[in-house]
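**Student:** Okay, sequence plus prediction incoming.
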Amino acid sequence: EDQVTQSPEALRLQEGESSSLNCSYTVSGLRGLFWYRQDPGKGPEFLFTLYSAGEEKEKERLKATLTKKESFLHITAPKPEDSATYLCAVQVEAGGSYIPTFGRGTSLIVHP
Amino acid sequence: DSGVTQTPKHLITATGQRVTLRCSPRSGDLSVYWYQQSLDQGLQFLIQYYNGEERAKGNILERFSAQQFPDLHSELNLSSLELGDSALYFCASSVLAEVLQNNEQFFGPGTRLTVL
């Protein structure tokens, strides 16, 4: 069974304190790993797509990396507005269909 | 604003009832996904339609069904509702059937369903 595990479940940081979120996956037929940001009561907002081990993507204070078994979302010098739940998802090919599987998310709170 | 619209925003109903949730994808998007998000299960993929046809199926109960109409809007029908069906239901859309670089999913604001 395809699995996506995110850690930690919750993370509290002080403004400016850099850290990393982890997403480990056990899937066959991986066709992409995605990171989303979700604010309370709102729909997830797309951040990054990663396809190959070694690939890296950056956007402002966020940097996503991918290995064969896990992905990291690095947050450099976070600000309070970075507080949100960060979701990781994998897309798996199955008989011509593409099935998305999401992790449970990491709830990030950045204190001023 | 993602460009994906969902109605209604909130829905309160009783056990055993049937409801219909509606989603309008972004202009030009052919693919519509439905998800259920609850506190204990996280975001669960239910079903995907592409250009009017069912494309992929996830953890969708037999009491639930969906369809995509010629104008590409989609409806999710939930019947014989149970307390455990209370959740946020999201619709997402993309141009292609596969989420790719430059073909990401855009999520709507969701419908909050409360079953009493």
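**Tutor:** On my side now, so go ahead.

**Student:** Let me see the ranges of the strands in the chain.
**Tutor:** Using chain A here. Secondary structure of chain A by DSSP state E: the strands cover A:3-7, A:10-14, A:19-26, A:30-38, A:45-50, A:56-59, A:62-66, A:70-75, A:84-94, A:97-102, A:106-111.

**Student:** I was thinking of chain B, sorry if that wasn't clear
**Tutor:** If DSSP E is used as the criterion, the strands of chain B fall at B:5-7, B:10-13, B:19-24, B:31-38, B:42-50, B:53-57, B:64-68, B:74-78, B:87-94, B:106-107, B:111-115.

**Student:** Which one, of these, ends up nearest to A:V27?
**Tutor:** Smallest distance to A:V27 across those (C-beta to C-beta): 13.4 Å, for strand B:42-50. Quick note: C-beta positions are derived from backbone N, CA and C, even for glycine.

**Student:** between that closest one and strand B:64-68, how many degrees?
**Tutor:** Here strand B:42-50 runs at 40 degrees with respect to strand B:64-68, directions being taken by axes from the mean of the first three to the mean of the last three C-alpha atoms, to 10 degrees.

**Student:** Which pLDDT does the model give the residue lying closest to A:R104 once chain neighbours are set aside?
**Tutor:** Nearest non-adjacent residue to A:R104, counting by C-beta to C-beta, 6 or more residues apart in numbering or on different chains: B:G42, 4.3 Å away. Note on B:G42: pLDDT of 86.

**Student:** same thing with the one 3 residues further on?
**Tutor:** The predicted local distance difference test score for B:F45 is 94.

**Student:** got the strands of chain B as CSV, with mean neighbour count columns?
**Tutor:** Conversion of those to CSV gives the following (neighbours: other C-beta atoms under 10 Å in any protein chain shown):
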stretch, mean neighbour count
strand B:5-7, 16
strand B:10-13, 14
strand B:19-24, 19
strand B:31-38, 24
strand B:42-50, 21
strand B:53-57, 16
strand B:64-68, 19
strand B:74-78, 20
strand B:87-94, 24
strand B:106-107, 22
strand B:111-115, 18
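
**Student:** Near chain A, which residues of chain B are found?
**Tutor:** For chain B, the residues in contact with chain A under the definition C-beta under 8 Å from any C-beta of the partner chain are B:2, B:4, B:33, B:42-45, B:48, B:55-58, B:90, B:92, B:97-101, B:104-110.

**Student:** Smallest gap between chain B and chain A, at which residue?
**Tutor:** Shortest chain B-to-chain A distance, computed as C-beta to the nearest C-beta: residue-wise this is B:F107, at 3.2 Å.

**Student:** which residue packs closest to the residue sitting nearest the centre point of chain B, ignoring adjacent ones?
**Tutor:** Computing the C-alpha centroid of chain B and ranking residues by C-alpha atoms, centre = their mean puts B:W34 first, at 2.8 Å. Closest residue in space to B:W34, ignoring its immediate chain neighbours: B:L46 at 4.3 Å, by C-beta to C-beta, 6+ apart.

**Student:** hang on, the one you found packs against B:Q36?
**Tutor:** Yes. B:L46 is within contact range of B:Q36, at 5.8 Å (criterion: C-beta atoms under 8 Å).
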